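Peer 1: no sequence on this one, just coordinates:
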């Protein structure tokens, strides 16, 4: 595989994953707020600020709702908007056009045209739910084509490495963002019993609500939710599952399971082991510390991966 | 036979690190029936190996590819050259008219078209009104070329750094100054205009003889005289190229003979020093 | 709008001055079109429009598009318009074309070898030497170098038109990087999906194996001492208007699509940069123009090329398809000499017509020109860019006299050619919702490998969608049709 094509595939994976997380977070947080029991989360400005924070927009006041929705969704001038991210994903797919299957290419291209042809007017008036739903569905189709129409070789593996690295980063961002919201609410003195709504939203933002219910069969609370989306390897959205994914697909690229402490495989192996044998008790007082160190390590792995395989 | 010792050094320094580079050096003296190269050694500052290839005229080039960052490139070449002594004054076996007829033949043109067609660097201005020597079927080509050689020597003043490698003849004729490339290009252009095949030559000049231009790479010209062959003319010194001239390569103009070409991935400026030491024993 | 209940082709009005491919002068479908016309007439306008729209959406989703760049705007992605009504070529007509195209390209290869070696054709004054030496496409880097198996034009595109007299004429040769073949293959796939029952009535020759032939041809010209060559397609990048085609061909051949920056040359060998280190490359199907392929050798500012590629090529370590320097043979000026070139090297009569050229300096031809200016295009030989050209049927009587005076004063300066007109073909026009006659041409694709010659059956029928327009290029609002060679 050409290094440039590997670079295209890696970023294609990352951007497809990123667009999906942005869409899901915005959708869940927006619609859950409409009938939220707590005043703060009900407040539209609070919600819009949370959406801006998560999608990396820091230069905008959350005053006008339509402006915020446009900026996050269909503003091609904003490099962090969902449409811009999708367009870069598609450009990367185009650059690697002959390395991927026709099916996968057409799925990504169709996804691209659907979003690019979506009327801005409709989107900011009545189409917000519809468009985010299209994005989630098209992402599933693309993921299906990745697993079902590509030879499971290095090219396939590098896409999945990209997707899992991005998933760790986005899930950490979502947890951070929601913890931040919850902290603000707690400061305002709301009783803990009212908080299950917020924890549910956090689960929904990571597509883990149904799974969590099935696993615990009780009302979500702090410990249960954080343990689930950070440590549970059976939950495909959890950090533990995603770091395992990075390791699994990295080993497809490099079968040498190195004991050199500076190697990428060693670093990711160590991170997987940390998550495998960690209990909530051990880190409950320093959640931010764990999230930050995990994020730093994944970023480090990403940049070493780029140096080793993707530079040309 | 004269034995020369040659040392040639190039030092390039770059403002910003170069990430990747391809160099092509055209600096190895030619081996032909008049000169033999012995004990050729060359090396450079980078870690990769240098490779000898051939250019389109069959001259040896050194190819060098490096993809590790560097901010300095040093190259060093040394060789011994055995040069036959040569009397460049040869009598033509043909009459002026026979010579003239030869060069008018269309087959002659087709066989030598590369050295008869003007290039960007050897194109004379259309409105040229200088009293260049005139060639006709009544004079020997050799005599005409000697006259042309000395005319150019008188016309231009040798002046280092007065022109660059891209200076066109038009401008050289305007400022009436130039370096050895400009003398050679002008000689070549006038030859071609008169249907006499001519080529640009790069090489070294014996430093013991105190000629103009010997401290650096030198340039002169060769013209094809029917019945005789290629003869070298150095307008910079108003001389014929004899055993003091050590040829590297020839081509249609400077572009075919530039000593070093690099394709670099870098930004910023570079400084370049070339130094030549050539002595005979 | 007319009533279409009688069939969507009933309202078709013949163009009277041009050769109509589908109909005779009395609006009877030609024999080989009868069943096709019948089938189209069974479609209602509504069904036809639905199918037409489905095909357009499919092309867009497949990314069979080209980009049109405008300032300060997102590049506009357009599909290359595809007309559903196929162009049909009877088999015997095709065999004639195929033989003619092969003959022409065989001769052009011998010509290229000769002008880069002994130059016999120039010495024999069949082609003027100055015409060749003054061409910027004549590369000194190719002099005395013989490409593998002596092949220069591995892939060539010959453009043909059908004149009012029903005869094919060569319009031009494309010997550098002819494009369009991906549209040929995509058009067929689209037509099969949308109007599958057309294929029951008439049997067309298959074209899907073109990429296999291309791959075999590229393998056949591998450098000596290489057993199993690594083949790549080199593209200028995804912003090139033909990027779709480059990726299409690479994918269908199962080879890597690379850009100049993916390659490097070390010790006269070419390598591509992969995640596990360099891999040697042996055959390059390059879709980058000569002047950009090697910044060490040609344009120093080229970001698309590979430094040192020409050295590796001349050392015989890599094959380039097409060879550099082939452009000298598709110059407009050389076109007139191709029939002579065929006679000179093959000692055969040219099978396909060149557009006839009259040299005014020759007495008999000059007289014919003076007597028939209203039927001729008169061109000065030493002007380019269309300057000084007069088209006979658009001149007033006074202007004709002026042209005569000019030719008489300097007959050597002028050549003349008959006014050629492209045939027309029924084509669906979205604005009028009707089939109308539109001008078409045909680009054939010919592959030449070591001991093998192949012409894709049919080729790309390009259609000028604007009424009366003769320009069929995609950038000028042209479209295309599927081309059927009957089995």
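Peer 2: Cool, got the structure. Worth saying up front: this structure is predicted, and the values here are computed from it rather than measured. Numbering: from 1, shown residues only, chains lettered A, B, ... in the order given.

Peer 1: residues in chain C within reach of chain A, list them.
Peer 2: C:60-63, C:74, C:238, C:243, C:247, C:250-251, C:256-259, C:261-262, C:272-275 (Cβ under 8 Å from any Cβ of the partner chain). All C-beta atoms are positioned from the backbone trio N, CA, C, and that covers glycine.

Peer 1: list of residues touching the helix or strand where residue B:173 lies?
Peer 2: Assigned by DSSP states H and E, residue B:173 falls within helix B:169-175. Outside helix B:169-175, the residues that touch it by Cβ atoms under 8 Å, 6 or more residues apart in numbering or on different chains are B:121-125, B:128, B:130, B:156, B:162-163, B:178, B:182, B:185-186, B:189.

Peer 1: buried among the residues you listed? Make that a ChimeraX selection.
Peer 2: Filtering the contacts of helix B:169-175 down to the buried ones (16 or more other Cβ atoms under 10 Å in any protein chain shown) takes a single ChimeraX command:
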select /B:121,122,123,124,156,162,163,178,182,185,186,189
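
Peer 1: contacting residues for the residue of the stretch 51-200 of chain A found nearest chain B?
Peer 2: Of all residues in the stretch 51-200 of chain A, residue A:95 sits closest to chain B, at 19.6 Å by Cβ to the nearest Cβ. Going by Cβ under 8 Å, 6+ apart, residue A:95 touches A:4, A:5, A:8, C:238.

Peer 1: which ones among the residues you listed map onto helices?
Peer 2: For the contacts of residue A:95, membership in helices holds for A:4, A:5, A:8, with DSSP state H as the criterion.

Peer 1: which pLDDT value belongs to residue A:175?
Peer 2: Here the pLDDT value assigned to residue A:175 is 93.

Peer 1: tell me the contacts of the residue in the stretch 151-281 of chain B positioned nearest to chain A?
Peer 2: The minimum distance from the stretch 151-281 of chain B to chain A, using Cβ to the nearest Cβ, falls at residue B:265 (11.4 Å). Shown in contact with residue B:265 (Cβ under 8 Å, 6+ apart): B:18, B:19, B:20, B:21.

Peer 1: ok, which of those residues also contact chain C?
Peer 2: Answer for the contacts of residue B:265 near chain C (Cβ under 8 Å from any Cβ): residue B:20.

Peer 1: of all the contacts of residue B:265, which two lie farthest apart?
Peer 2: B:19 and B:21 (8.1 Å; Cβ to Cβ).

Peer 1: please name whichever of the contacts of helix B:169-175 scores lowest on pLDDT.
Peer 2: residue B:128 (80).

Peer 1: share the number of residues neighbouring the residue lying closest to that residue once chain neighbours are set aside, please.
Peer 2: Closest residue to residue B:128 in three dimensions, ignoring its sequence neighbours and counting by Cβ to Cβ, 6 or more residues apart in numbering or on different chains: residue B:173, at 7.5 Å. Using other Cβ atoms under 10 Å in any protein chain shown, the number of residues around residue B:173 comes to 17.

Peer 1: unless I'm mixing things up, residue B:55 is touching residue B:27, no?
Peer 2: No: using Cβ atoms under 8 Å as the test, residue B:55 is too far from residue B:27 to be in contact (11.9 Å).

Peer 1: quick one: which of these two has more around it?
Peer 2: Neighbour count, other Cβ under 10 Å: between residue B:55 and residue B:27, residue B:27 has more, with 24 against 19.

Peer 1: stretch C:262-271: end-to-end distance?
Peer 2: 8 Å (Cα to Cα, to the nearest Å).

Peer 1: what about it and chain B, any contact?
Peer 2: Yes: residues of stretch C:262-271 contacting chain B under Cβ under 8 Å from any Cβ: C:264, C:265, C:266, C:267, C:268.

Peer 1: name the element residue A:274 belongs to?
Peer 2: helix A:264-276.

Peer 1: low-confidence ranges, the chain, go.
Peer 2: Unless you meant another one, I'm taking chain A. Filtered on pLDDT under 70, chain A yields the residue ranges A:39-42, A:192-193, A:257.

Peer 1: wrong one, chain C
Peer 2: For chain C, the stretches with pLDDT under 70 are C:1-5, C:69-75, C:381-387, C:470-476.

Peer 1: what about the residue of the stretch 151-300 of chain A found nearest chain B, distance to chain C?
Peer 2: Closest approach of the stretch 151-300 of chain A to chain B (Cβ to the nearest Cβ) occurs at residue A:262, with a separation of 19.6 Å. From residue A:262 over to chain C the distance is 19 Å, taken as Cβ to the nearest Cβ, to the nearest Å.

Peer 1: identify the contacts common to residue B:19 and residue B:21.
Peer 2: B:265, B:266.

Peer 1: neighbour count winner among the two?
Peer 2: Looking at residue B:19 and residue B:21 with other Cβ under 10 Å, you find the greater number of neighbours at residue B:21, namely 23 against 14.

Peer 1: quickly list what the more buried one is bridged to.
Peer 2: residue B:66, residue B:264 (DSSP bridges).

Peer 1: on that earlier part again, check which residues of the helix holding residue A:274 are buried.
Peer 2: Taking 16+ other Cβ under 10 Å as the criterion, helix A:264-276 shows A:264, A:265, A:267, A:268, A:269, A:271, A:272, A:275 as buried.

Peer 1: what do you get for stretch B:49-60?
Peer 2: Neighbour-count burial for stretch B:49-60 [16+ other Cβ under 10 Å]: B:50, B:51, B:53, B:55, B:56, B:57, B:59, B:60.

Peer 1: same thing with stretch A:246-257?
Peer 2: A:246, A:247, A:249, A:250, A:251, A:253, A:254.

Peer 1: take the residues you listed and keep only those in strands.
Peer 2: When DSSP state E defines the strands, the subset of the buried residues of stretch A:246-257 inside them is empty.

Peer 1: got JSON lines for those residues, with distance to residue C:369 too?
Peer 2: Below are the buried residues of stretch A:246-257 laid out as JSON lines (distance: Cβ to Cβ, whole Å):
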{"residue": "A:246", "distance to residue C:369": "77"}
{"residue": "A:247", "distance to residue C:369": "81"}
{"residue": "A:249", "distance to residue C:369": "74"}
{"residue": "A:250", "distance to residue C:369": "76"}
{"residue": "A:251", "distance to residue C:369": "78"}
{"residue": "A:253", "distance to residue C:369": "71"}
{"residue": "A:254", "distance to residue C:369": "74"}
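
Peer 1: tell me the one of the residues you listed nearest chain C?
Peer 2: residue A:253 (7.0 Å).

Peer 1: residue A:21 should be in a helix, yeah?
Peer 2: Yes: assessed with DSSP: H, G, I helix; E, B strand; the rest coil, residue A:21 lies in a helix.

Peer 1: my guess is it contacts residue A:174, does it?
Peer 2: Yes: under the criterion of Cβ under 8 Å, residue A:21 makes contact with residue A:174 at 7.1 Å.

Peer 1: more neighbours: which of these two?
Peer 2: Neighbour count, other Cβ under 10 Å: between residue A:21 and residue A:174, residue A:21 has more, with 25 against 21.

Peer 1: quick one, what contacts the more buried one?
Peer 2: Each residue near residue A:21 by Cβ under 8 Å, 6+ apart is listed here: A:166, A:167, A:170, A:171, A:173, A:174.
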